[in-house]
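*Asks:* Turn this into a model:
(chains A and B)
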Amino acid sequence: MDCRTVIRELSEYLDGELDRTLLAEVERHLAHCQDCRVVVNTTKKTIEFYCNSAPLPLPEEVRQRLHAALRTRLQRPTS
Amino acid sequence: MSSPKTNPVLVRTPAGGADEHRFVERARQGDLAAFEELVNRYEQKIFRLAMNITGNREDAEDVLQEAFLKAYTNLGRFQGDSRFYTWLVRIAINEGLMKLRKRRANVVSLDQEVETDEDVLPRQVEDWGPNPEQRFAQIELQHILDEAIASLEPGYRIVFVLRDIEQLSSEEIAQVLGLSVPAVKSRLLRARLKLRERLNPYFRPGESPLPARPER
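*Replies:* A predicted model of the protein is given here:
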């Protein structure tokens, strides 16, 4: 397996979606290819950054406008 | 060693709460307070999603409002066979895409399959060293992450956001964006690699323009 193929399988590798055979081949390549290991690790880190980052606080005025809109537009008299 | 398919390198936990269903049921009966509870729970995430899709605060605010209004008025159609949050995300995505298309007619085509293999191989393979985030204060780090993701083309950014932040499956993303599953996977790979490259200048060890050795 060459570097290009490993990179092509990178997402599936990170998501645990490779079948056994392909996984073994990727891991064999990673064991001896420093460059691919770096790409795998830094891509994983990239995803983790975003995955773990807390949503920015919702600006208070945006929040207030949202709730005001919901109240005015959804509060209907029950008939 | 663990077996494949059960051992993803990335581990993620889905958002939401176990009692979501209870609030949805009450909201469905017209209980606005119960619905507001759901709004409180998800408003921040939906706003972030809207920001990530539209790249524009004003549009994001519209999307936020419209998504919740539509969710409430269409609650009767919510089947309950998926999670409410996932359903809400879909509504917000659709609202966001409409905004985006309006603003950027002809600039972005989400349905286009344009990728070749040419741009797959990363150009920069410098390691980041351990805990690169420790070089930045939390707020600075968040700024770097926001800038990097905002700089991605919408077609990539949206797929990345839906998969890696919202944690939708590739199949769900394909459905909501009207793409094939292979197209989603292809974009996801490119989006992840592009983001990695954009973060690279911040996180590689040292300031030297020469390739640095990995830090100990």
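*Asks:* Pass me the low-pLDDT residue ranges in chain B, would you?
*Replies:* B:1-18, B:104-120, B:206-216 (pLDDT under 70).
*Asks:* nope, chain A is what I was after
*Replies:* Using pLDDT under 70, the flagged stretches of chain A are A:76-79.
*Asks:* now the helices: where do they sit in it?
*Replies:* For chain A, the helices defined by DSSP state H cover A:3-8, A:10-14, A:20-32, A:34-52, A:60-74.
*Asks:* how far does the third one sit from the chain's center?
*Replies:* Which is helix A:20-32. 22 Å (CA atoms, centre = their mean, to the nearest Å).
*Asks:* Could you check the angle it makes with helix A:34-52?
*Replies:* 110 degrees (axes from the mean of the first three to the mean of the last three CA atoms, to 10 degrees).
*Asks:* Can you confirm whether helix A:20-32 lies near chain B?
*Replies:* Yes: Helix A:20-32 comes into contact with chain B (CB under 8 Å from any CB of the partner chain), by way of A:20, A:23. Any C-beta I mention is one placed from the backbone N, CA and C, and that applies to glycine too.
*Asks:* For the helices of chain A, state which one has the densest average packing.
*Replies:* helix A:10-14 (a mean of 22; mean count of other CB atoms under 10 Å in any protein chain shown).
*Asks:* Tell me how many other residues crowd the residue nearest to residue B:170 when sequence neighbours are not counted.
*Replies:* Once flanking residues are discounted, residue B:170 sits nearest to residue B:184: 4.8 Å by CB to CB, 6 or more residues apart in numbering or on different chains. Residues lying near residue B:184 (other CB atoms under 10 Å in any protein chain shown) number 23.
*Asks:* hang on, isn't residue B:184 packed against residue B:173?
*Replies:* Yes: assessed by CB atoms under 8 Å, residue B:184 is found in contact with residue B:173 at 4.8 Å.
*Asks:* tell me, what's touching those two both at once?
*Replies:* Shared contacts of residue B:184 and residue B:173, defined by CB atoms under 8 Å, 6 or more residues apart in numbering or on different chains, are found at B:159, B:163.
*Asks:* in the helix or strand where residue B:191 lies, what's buried?
*Replies:* Assigned by DSSP states H and E, residue B:191 falls within helix B:181-203. The neighbour-count check on helix B:181-203 (16 or more other CB atoms under 10 Å in any protein chain shown) flags B:183-200, B:202-203 as buried.
*Asks:* One more: stretch B:82-96?
*Replies:* B:83-96.
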